[in-house]
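S.K.: Give me coordinates for this.
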Amino acid sequence: MAMFKRIRDITAASVNDILDKAEDPVKMINQFLRDMEEDIAEAEVAVAKQIAIEKRFKEQRDEATVLVQKRADQAQKALEMGNEDLARRALQDKHEQQDRLTTFSAEYDKAKVLADDLRTKLEQMKDELLKMKGRREMLVARADAAKVQKQINHAMGGFGTDSASRGFARMEEKVNQMEAEAEASNELRSPSHSLDEEFKQFDSGVENELAALKAKLAQKSQQE
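M.R.: Here you go, the predicted structure:
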């Protein structure tokens, strides 16, 4: 059946080859699983139909078996009653039922073999689906890890570059400029000395120096 060939082709393919061709591995894996589930659903319908055929042939075989025995018993009873013609007709029908029994038995055997084979394949498909779902979890985790690593590598690629270093130095220079401007602004806001105070300080210094010179000359005159 086409569905069984399809599932065999999918499960036989290398997962790595599939991932190489897929733009998004996770989406592709999910699609494969959906395809497998659809195949299994179709297979279940086919198996159910085959089982129904098997059961029907079995019923017909069993009915023919009962009739063969029944006609044999009737033929014997007819002879015991002295009715040879009735016995003859019973035996003729027995032969017909025997032919039907042979046919139905052969058909039942073939239907049962096919039904058993389909049951086995259906179970294999279900087992394979379970395995693939388990592998899906592993592959999804690996794909997520690869995406995270790629993102980190991309971020690290621009980390600490010359451009960032130049930008950092430029901002540092700007901060230094801001600090210098703040300091200058603070000096401008400080109260200044008045002109009179400055002359007072100057005069005070001169008078002190003049007094010191006078004292020095007076001391010299006394020594002479």
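
S.K.: And the top helix by length along the chain, what does it pack against?
M.R.: The longest helix of the chain (DSSP state H) is helix 84-157. Where contact means 3 or more C-beta pairs under 8 Å, 6 or more residues apart in numbering; DSSP states H and E, helix 84-157 is packed against helix 2-12, helix 15-21, helix 25-80. Yep, even glycine has a C-beta here, placed from its N, CA and C like the rest.

S.K.: Please repeat the previous calculation with a cut-off of 6 Å.
M.R.: Using 3 or more C-beta pairs under 6 Å, 6 or more residues apart in numbering; DSSP states H and E, the elements in contact with helix 84-157 are helix 2-12, helix 25-80.

S.K.: what's the most buried one of those helices?
M.R.: Neighbour counts (mean count of other C-beta atoms under 10 Å) averaged over each of the helices and strands packed on helix 84-157 peak at helix 25-80, with a mean of 15.

S.K.: from the middle of its chain, how far away would that helix be?
M.R.: The chain centre lies 40 Å from the centre of helix 25-80; the measure is C-alpha atoms, centre = their mean, to the nearest Å.

S.K.: orientation of that helix relative to helix 84-157 in degrees?
M.R.: Orientation check (axes from the mean of the first three to the mean of the last three C-alpha atoms, to 10 degrees): helix 25-80 against helix 84-157 gives 170 degrees.

S.K.: circling back: make a markdown table out of the helices and strands packed on helix 84-157 and add mean pLDDT and distance to residue 177.
M.R.: Formatted as a markdown table, these follow (pLDDT from 0 to 100; distance: least, C-beta to C-beta, whole Å):
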| stretch | mean pLDDT | distance to residue 177 |
| --- | --- | --- |
| helix 2-12 | 55 | 68 |
| helix 25-80 | 92 | 52 |
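
S.K.: now the ones you listed in JSON lines, with distance to residue 105?
M.R.: As requested, those are exported to JSON lines (distance: least, C-beta to C-beta, whole Å):
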{"stretch": "helix 2-12", "distance to residue 105": "28"}
{"stretch": "helix 25-80", "distance to residue 105": "5"}
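
S.K.: Which one, of the ones you listed, ends up nearest to residue 139?
M.R.: Taking C-beta to C-beta, helix 25-80 is the member of the helices and strands packed on helix 84-157 nearest to residue 139, at 5.9 Å.

S.K.: Mean confidence (pLDDT) on the longest helix of the chain, please.
M.R.: Across helix 84-157, pLDDT averages out at 89.

S.K.: Can you tell me the closest non-neighbouring residue to the residue nearest the centre of the chain?
M.R.: In the chain, the C-alpha nearest the mean C-alpha coordinate belongs to residue 140, at 3.4 Å (C-alpha atoms, centre = their mean). Nearest residue to residue 140, sequence neighbours excluded (C-beta to C-beta, 6 or more residues apart in numbering): residue 26, at 5.4 Å.

S.K.: Mind checking the helices and strands packed on helix 84-157 for the one nearest to residue 167?
M.R.: Here helix 25-80 is closest among those (C-beta to C-beta), at 37.7 Å.

S.K.: by contact count, what packs against that closest one?
M.R.: Packing partners of helix 25-80 (3+ C-beta pairs under 6 Å, 6+ apart): helix 2-12, helix 84-157.

S.K.: Of these, which is nearest residue 36?
M.R.: Across the helices and strands packed on helix 25-80, closest to residue 36 is helix 84-157 (C-beta to C-beta), at 5.1 Å.

S.K.: Flag every buried residue along stretch 149-156.
M.R.: With burial defined by 16 or more other C-beta atoms under 10 Å, not one residue of stretch 149-156 is counted as buried.
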